[in-house]
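*Asks:* Based on what follows, work out the 3D shape:
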Amino acid sequence: MGRKCCICKHDKRLGIDRDIVKGVPHLKIGKKYSVSNLSVRNHAKSHLSRQMLKSDEMKSVAHSKNLFEEIQELITRTKKIFADAENEGRPMISLGAIRELRKTYEFLIKFSAYMQDAQKEDKEAKRENIQFSVKIIKERLSVDEIVLMEKLILKMNGKIEQNVDVLKGIKERWLMRARIS
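*Replies:* The predicted structure is shown next:
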């Protein structure tokens, strides 16, 4: 019988689930709740409700779309106010519209920089997750097991034909070791 998911049994499961849905990197969640990031990843992949993930994802997309539509509408309206003020010879209103456009563009630039930083942090967290996984693999698997895993991954990705026995070379080495012992 397989092991039970430590996240499903965790007393802070709801918080972990919320962080997963929010897109918090698994490594950070693991550190925050004192569990392994692999447990978090497996829980997210196997036990977290697909509907919950989709629902939150759709809310986020809709919210972002609405926000940018509102900003675009604000820019359009401000440009119209500026054009009308210029046509009517009202320089103070023109300057006010210019000031508002500048502030809006400054906000968009800052927001864009913030999003780029967030993406960079996410990439770094993914890289840390991969490095951690590689470290665990190196610590817990023998060279033969790593070679077998690599061959199995290549076969699953279609880079080794289905009819090829990936165990063949490994079986031969195991038999030779058994004879020597």
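
*Asks:* C-terminal to the biggest helix by length in the chain, what's the next element?
*Replies:* Secondary structure of the chain read by DSSP state H shows that its longest helix is helix 91-140. Downstream of helix 91-140, the first helix or strand assigned by DSSP states H and E is helix 143-156.

*Asks:* Could you measure from Arg18 over to Lys4?
*Replies:* 21 Å (Cβ to Cβ, to the nearest Å). For every residue, glycine as well, the C-beta is placed using N, CA and C.

*Asks:* These two: which is more packed in?
*Replies:* More neighbours surround Arg18 than the other of Arg18 and Lys4, with 14 against 8 (other Cβ atoms under 10 Å).

*Asks:* That one sits in which helix or strand?
*Replies:* Under the assignment given by DSSP H and E, the secondary-structure element containing Arg18 is helix 13-22.

*Asks:* If I take the longest helix of the chain and helix 143-156, what angle do their directions form?
*Replies:* Using axes from the mean of the first three to the mean of the last three Cα atoms, to 10 degrees, one finds that helix 91-140 and helix 143-156 are set 130 degrees apart in direction.

*Asks:* Which other helices and strands does helix 91-140 contact?
*Replies:* helix 26-33, helix 37-46, helix 50-88, helix 143-156 (3 or more Cβ pairs under 8 Å, 6 or more residues apart in numbering; DSSP states H and E).

*Asks:* any idea how far that helix is from the chain center?
*Replies:* Here helix 91-140 shows a centroid-to-chain-centroid distance of 14 Å under the convention Cα atoms, centre = their mean, to the nearest Å.
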